[in-house]
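Participant: Fold the following, please.
(chains A and B)
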Amino acid sequence: MAEPSRAASDGASGPPAPSPESTASGVRPVGRMPSAGRSLAIYAAVPTIAFVLLATTSTSSFSSIAGYLPTAAVDVSYSFLRMLAAYSLSLAFSLAYGYYAATHRGGERVMIPVLDILQSIPILGFFPFAVVILAQATPGSFLGPNFASVFLIFTSMAWNMVFGVYESLKTLPSDLKEAADTFGLRGWLLFRRVLYPACVNRLVYNSVLSWTAGWFFLVEAEIFTTNTSNALTGIGSYLSFAASAANAPKFLAGVVMLVIVIALLDFAVWRPLGRWAERFRYDTSPSGETEVSAPERDAAGRFRRARVYVTQRVRTGVSYVTTPLVQLAAFTVRPGRTPSPRRRSIIYYVSLGSILVIVWLLLIALAVALVGVYTSPIQSSVRAQIDLVPFAVGASTARIVGAYAICLAISLPLAIHVARSSRAGRVGLPIIEVIASFPATALFPVIVFQLIPYISPEGASILMLMTGMLWYLFFNLLSGIRALPPDLTEAARAYGVRGSKFFRRVLLPGIFPALITGSITAFGGGWNTLIVAEYLSSGTGKALSVLGLGQQIDIGYKLGTAGYPLMATALLAMVVTVIAINELIWKPLYRRAATRYRYD
Amino acid sequence: MALIRVEHIDKSFASRHGSITIMQDVSFDVKDADFLALVGPSGCGKSTLLRLIQGLDRPSSGRILFRDQPIDGVCKQMAMVFQSFALFPWLTVSQNVAFGLEALGWPPVRIAPQVERYIGVTGLDGFQEAFPRELSGGMRQRVGLARALAVEPAVLLMDEPFSALDALTAESLRDEILQLWQDPALPPEAVILVTHNIEEAIELADRVVVLSRRPGHVLAEIPVELSRPRDRKSSAFYDLTDRVYSLITEGRPAGAPETPLGSAGRTGEGL
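Facilitator: Purely as a prediction, here's the structure:
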């Protein structure tokens, strides 16, 4: 998994990215796997260095770490089985759903917007609910959490694979379709010979992303259950227990085992599959002279396809949801004189922002009222918590925005450096790619149990949020900078534009689409990480609590049945906030990026 | 007896600004052993006409008869060669050639020799296991041709089959197609070639149906009675070319800029 997978944001790559736009431009135009030998070396080097470093600084010895490896291996295999189950489900689901959505116009109208919403919701928030409900539904105590975790992983894997199938079928060249028609191909033969092969390439590529996202969620889900009576056996809970017991050798053994499994999968499964899937690409150009082998051309084609896809998707699925809201916004902006374009855009966004606030306040009020009506006796303590939900939304949003700002401050210079310096690109990038493919959630227990005394719960939760956001931004920015046409930068050089002027006039507008895509995906990742970050920061008992939606859900969860109204309200508030931010801020910005800041 | 009868075809498409009429009252016949070329400026509906004949699309009015039966759905006794080749990149050359036979439900034991035969006929021997992306444009179009011939169609439909090839490759492929056409052991009873290249049409066809600019209608049916192989530099050839060329250009309103066809026809490859 040397692919910077999550970050590349092909589809809801990581933790389900917020919107279909994200599905695309991340399709790494850089699109190049580091050579097998080099990434093998990195895979070996990273854990070894960490291993040596930590082993020497801590009191533990190598042998004590080695002693924990067998138990870690057992726990990783439990986790792996969960992943496998979720992946099989996702594969079947994506083929069926994607096929139907792509071939039935009526189905498409409903299915794609539904998927769009589904993938923008931070599913993780529903995990506590799912655990409670499925645990009640299944008599065996261990089945419920297992179903819940498989379901959660499924939600992190499926959407982006569905979009892969859907897009592959929609972009199947019309001459190939016609050729199949002229021979009267239909039914099973059509599927086996034409439709399924058409999906293979994207499906394999997106599967790599799905697995990375899946690991992230798996660990998160397992950690989540460690606060409950029946913790799932798996690598996440293993790491969590090890960290809470301050058992460094045990923890390290777990990390080493996880890295080994991920690296093994990469080398034994995804690389061979990726090579095999290459033949299913359909970019044979009509004239024999343009051979496809040139990597640059290939990358450009991928990028172009991705862009076409983005604009199409924005126009179709999304508009059903957005149009009424945007029209409402436009209606309030419109009165009287037509302001200058620049003014209008400022007014437009200000009013969008206020509408957003009003809408979510209204909806939260509605939700509170509904919950109040239907579940009659709400304990006064719960009611008091529910009253806090709007503040929790504010606090969580502020936290995400803060983490986003830090991530941007880190990833923009880093991306510029990696893109500009060939040495940094050659040496640094593969290391970053490997680090990015490791599920950061595995390190959460350390952050929570060991770092909180030093950096406060607030700091810990922001740090965890950053691990869920950073790579999306970094890899999208990197691909944006790399896709910047060299003649533009050369022209800027020729006219002596440099320094901050170059930054404002050339670089920033040039990478604007990538920045927006990266931001959308980063926010999506952020919301998903938020729940566990706040939950862990406030749920460990040792720490002071952090006000936020994750904390509210945690409180509700601990209250049992009495906490349902609180959990429901917090979840609803979160879903509404996320959708509102997507629809009212990111999508208009994205459309702007796709129309104005585009070179082709 | 006419093999194909095209009777008073209209075709229009709905667009955002109302409906656009592509062709109007198009009628012609294709006889047995007829090599027919459809020429006309771009946008006159040549390719659409080909798709209507195969049954990939339906005319807005009028009808098309194949052996006196109206075309209803895709006609499996015709096979198409595409401008863009339309090869499946995930199938090898043999698998691509076998594609139509599989669809017809041939048993594998019969498919293999048939595929071998047409791979030999089209000069693809030795490339059986290659993938389309490993082939040059000319070789890819041979695969397209082999795939179409393998189902032994009564009518071979060719939609600008040489347009995506460079001039030299196109010329040699044209020669080979003529040789295949003159071989009585090989299937198609008739060929319909769509092209915007007038020389190409006259070099290959027995009869040229000239279509006007949009909305397309038949301006003339010109028999080509030159003996094969035809010499592009002969005066008879030139006169025919000129006749078709002026037919098309006179179909345009006075003072309109030259159609791309005009220049292509005049200075196109081979001249």
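Participant: Check the gap between the residue of the stretch 51-200 of chain B found nearest chain A and B:Ala164 for me.
Facilitator: In the stretch 51-200 of chain B, the residue that lies nearest chain A is B:Gly137 (2.6 Å; C-beta to the nearest C-beta). The way it works is simple: take the backbone N, C-alpha and C, and place the C-beta from them, glycine included. For B:Gly137, the distance to B:Ala164 equals 6 Å [C-beta to C-beta, to the nearest Å].
Participant: now B:Tyr245
Facilitator: 23 Å.
Participant: Same question for A:Leu209.
Facilitator: 35 Å.
Participant: same question, B:Ile64
Facilitator: To B:Ala164, B:Ile64 is 27 Å away according to C-beta to C-beta.
Participant: In terms of secondary structure, what does whichever strand or helix holds A:Thr577 contact?
Facilitator: Taking DSSP states H and E as the criterion, A:Thr577 maps to helix A:564-581. On a contact count with 3 or more C-beta pairs under 8 Å, 6 or more residues apart in numbering or on different chains; DSSP states H and E, helix A:564-581 meets helix A:105-120, helix A:127-137, helix A:341-374, helix A:380-420, helix A:508-539, helix A:549-558.
Participant: between it and helix A:380-420, how many degrees?
Facilitator: Between helix A:564-581 and helix A:380-420, the angle comes out at 30 degrees (axes from the mean of the first three to the mean of the last three C-alpha atoms, to 10 degrees).
Participant: Show me which residues of the very next helix or strand once past helix A:564-581 are buried.
Facilitator: Remark: after helix A:564-581, the chain's next helix or strand is helix A:587-595, criterion DSSP H and E. For helix A:587-595, burial by neighbour count (16 or more other C-beta atoms under 10 Å in any protein chain shown) applies to A:587-591, A:593-594.
Participant: closest to A:Ser168 among those?
Facilitator: Each of the buried residues of helix A:587-595 was scored against A:Ser168 by C-beta to C-beta, and A:Ala594 proved nearest at 21.1 Å.
Participant: Just the closest residue of the stretch 401-550 of chain A to chain B, please.
Facilitator: For the stretch 401-550 of chain A, C-beta to the nearest C-beta, closest residue to chain B: A:Ala483, 24.1 Å.
Participant: That residue: neighbour count?
Facilitator: 21 (other C-beta atoms under 10 Å in any protein chain shown).
Participant: In this model A:Pro513 seems to touch it, though I could be wrong.
Facilitator: No - using C-beta atoms under 8 Å, A:Ala483 makes no contact with A:Pro513, being 9.1 Å away.
Participant: May I have the residues that are in contact with the closest residue to chain B within the stretch 1-150 of chain A?
Facilitator: Across the stretch 1-150 of chain A, the shortest distance to chain B (C-beta to the nearest C-beta) belongs to A:Arg105, at 15.2 Å. A:Arg105 sits next to no residue when contact means C-beta atoms under 8 Å, 6 or more residues apart in numbering or on different chains.
Participant: Can you list the low-confidence ranges for chain B?
Facilitator: Along chain B, the parts satisfying pLDDT under 70 run over B:1, B:251-271.
Participant: and it, which of its residues are near chain A?
Facilitator: B:51, B:54, B:56, B:74, B:76, B:78-80, B:82-91, B:99-100, B:102-104, B:131-133, B:135-140, B:151, B:164-166, B:169 (C-beta under 8 Å from any C-beta of the partner chain).
Participant: same thing but at 7 Å, please
Facilitator: B:54, B:56, B:74, B:76, B:79-80, B:82, B:84-90, B:99-100, B:102-103, B:131-133, B:135-138, B:140, B:164 (C-beta under 7 Å from any C-beta of the partner chain).
Participant: Weed out the non-buried ones from those.
Facilitator: B:54, B:56, B:74, B:76, B:79-80, B:82, B:84-90, B:99-100, B:102-103, B:131-133, B:135, B:137-138, B:140, B:164.
Participant: next structured bit after the host helix or strand of B:Leu145?
Facilitator: Assigned by DSSP H and E, B:Leu145 belongs to helix B:137-150. Following helix B:137-150 in sequence order, the next helix or strand is strand B:155-159 (DSSP H and E).
Participant: Now do that following strand: which elements does it pack against?
Facilitator: helix B:46-54, strand B:78-81, strand B:190-195 (3 or more C-beta pairs under 7 Å, 6 or more residues apart in numbering or on different chains; DSSP states H and E).
Participant: Noted, bye for now.
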